[in-house]
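A.B. asks: fold the following for me, if possible:
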Amino acid sequence: MVTQGNDRVKALIKLLQTESDAYGPVLKRELAAAIKADPARVQSAIMEEFKTAAPLPVVHTLEEICWEDLAAALARFAAKINPDLEEGLTLLSKFTSPAAGRKEVTVPLDEMARELRPALLNAKNHAEIAGILSHYFFRVRGFQTLPSNLDVKDISFARFLRKKRGSSLCAACLYIAVGQRYGLDVNLVDLAGRVLVHLRGLSRRESLFIDPLDNGKLLSEENCRNYIRARQIEWNDEFFSPLSSRLIVRRFIANMIYVLNKLRDERRLKYLREYLEIIKN
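C.D. replies: You can find the predicted model right below:
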């Protein structure tokens, strides 16, 4: 059955290469339906058909089908009252890897949460919890944050979990995703452009900040205020306001736009700008 399914997808792809523009939209709709039904099968069919690399027109057609579908998925995400961050990060991962699904995000996160369980349950306070998380992510698991994004793929959360290297924003979301599995009060704050993880105790008197760009270095509230003073910026209490899942997704998209702007990649920028408007509105 898998072979038959692959044969149908390969036939659609061949027709896309040879048929006239008049039939192109029809074939594109058929291929879009196949991708929506089983993206992994489409990817498998492409690998079987082309062995090394698919022709650029085929790649572009497949990407655009996925990107159009992604716009609709992001609209559904943005319409929710309290959208789930992991869902949003999974959706954005599809921009660079269309076959990425929820399991590419939840499975590694669940595995890390299980491994951390004994240490976290025995932690005495939130400073110890923060230290355990940072040690595990950066020392045990070997995650690396890149000081600057040289490739838009470095901003994909699913790829970050797989490759263990990517943007500091990906690393920051790792703390949220694992911490929330233990009911921790953990969120992100924007300290004048510097994204930090904010971990707060049950009494709310214990408040710590974690810098994902500096291998999980722990910071106090006073450290944060000193940082703002050193930059000669006027303090604003909004610096410690938690970023919502929508704002985090917006920041991911904005970072991707920043990378592709430098490359002047208008084809991909067109879709990302549309996504940004969807999330904003």
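A.B. asks: going by C-alpha atoms from here, please, whenever you check contacts or count neighbours.
C.D. replies: Fine.
A.B. asks: can you point out the buried residues in stretch 266-276?
C.D. replies: For stretch 266-276, burial by neighbour count (16 or more other C-alpha atoms under 10 Å) applies to R268, L269, Y271, L272, Y275, L276.
A.B. asks: my guess is the last one contacts F252. True?
C.D. replies: No - applying C-alpha atoms under 8 Å as the test, L276 and F252 come out as separate, 9.5 Å apart.
A.B. asks: quick one: residues contacting L218.
C.D. replies: Applying C-alpha atoms under 8 Å, 6 or more residues apart in numbering, we find L218 in contact with A130, G131, L208, F209, I210, D211.
A.B. asks: now R229
C.D. replies: W235.
A.B. asks: and it, which helix or strand is it part of?
C.D. replies: helix 221-230 (DSSP states H and E).
A.B. asks: tell me the buried residues in that helix?
C.D. replies: For helix 221-230, by 16+ other C-alpha under 10 Å, it's C224, R225, I228.
A.B. asks: now the first one: closest residue in space, sequence neighbours ignored.
C.D. replies: Excluding the flanking residues, the one nearest C224 by C-alpha to C-alpha, 6 or more residues apart in numbering is L191, at 7.6 Å.
A.B. asks: kindly report the same for the second one.
C.D. replies: Ranked by C-alpha to C-alpha, 6+ apart and with sequence neighbours excluded, the top spatial neighbour of R225 is W235, at 7.5 Å.
A.B. asks: and L120, how many neighbours does it have?
C.D. replies: The burial count assigned to L120 is 19, neighbours taken as other C-alpha atoms under 10 Å.
A.B. asks: any idea how far A177 is from it?
C.D. replies: Going from L120 to A177 by C-alpha to C-alpha, to the nearest Å gives 15 Å.
A.B. asks: any weak-confidence spans in the protein?
C.D. replies: Within the chain, the segments meeting pLDDT under 70 span 1-5, 9-10, 12-28, 32, 35-36, 39-59, 149, 202-206.
A.B. asks: packing partners for the longest helix along it?
C.D. replies: Using DSSP state H, we find that the single longest helix of the chain is helix 56-78. Contacting helix 56-78 under the criterion 3 or more C-alpha pairs under 8 Å, 6 or more residues apart in numbering; DSSP states H and E are the following elements: helix 2-18, helix 24-37, helix 85-93, helix 266-280.
A.B. asks: contacts for the third one?
C.D. replies: Contacts with helix 85-93, where a contact means C-alpha under 8 Å, 6+ apart, come from 70, 73-74, 77, 100-102, 105, 156-159, 177, 245-246, 248-249, 253.
A.B. asks: one step back: the residue nearest to R225: what's it in contact with?
C.D. replies: Contact analysis of W235 by C-alpha under 8 Å, 6+ apart lists R225, I228, R229.
A.B. asks: those residues into JSON lines, with extra columns for distance to R29?
C.D. replies: Below are those laid out as JSON lines (distance: C-alpha to C-alpha, whole Å):
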{"residue": "R225", "distance to R29": "54"}
{"residue": "I228", "distance to R29": "52"}
{"residue": "R229", "distance to R29": "56"}
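A.B. asks: neighbouring contacts of stretch 257-271?
C.D. replies: Contact partners of stretch 257-271, identified using C-alpha under 8 Å, 6+ apart, comprise W67, E68, A71, N149, L150, D151, V152, L272, R273.
A.B. asks: for ChimeraX, write the select line for the buried members of those.
C.D. replies: To isolate the buried ones among those in ChimeraX, judged by 16+ other C-alpha under 10 Å, type:
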select :67,71,149,152,272
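A.B. asks: L169: which of the contacts of stretch 257-271 is nearest?
C.D. replies: N149 (10.5 Å; C-alpha to C-alpha).
A.B. asks: mark which of the contacts of helix 85-93 are buried, thanks.
C.D. replies: For these, a burial check counting by 16+ other C-alpha under 10 Å picks out 70, 74, 77, 100-101, 105, 156-159, 177, 245-246, 248-249, 253.
A.B. asks: helices - which of those residues land there?
C.D. replies: Among those, DSSP H puts 70, 74, 77, 105, 157-159, 177, 245-246, 248-249, 253 in helices.
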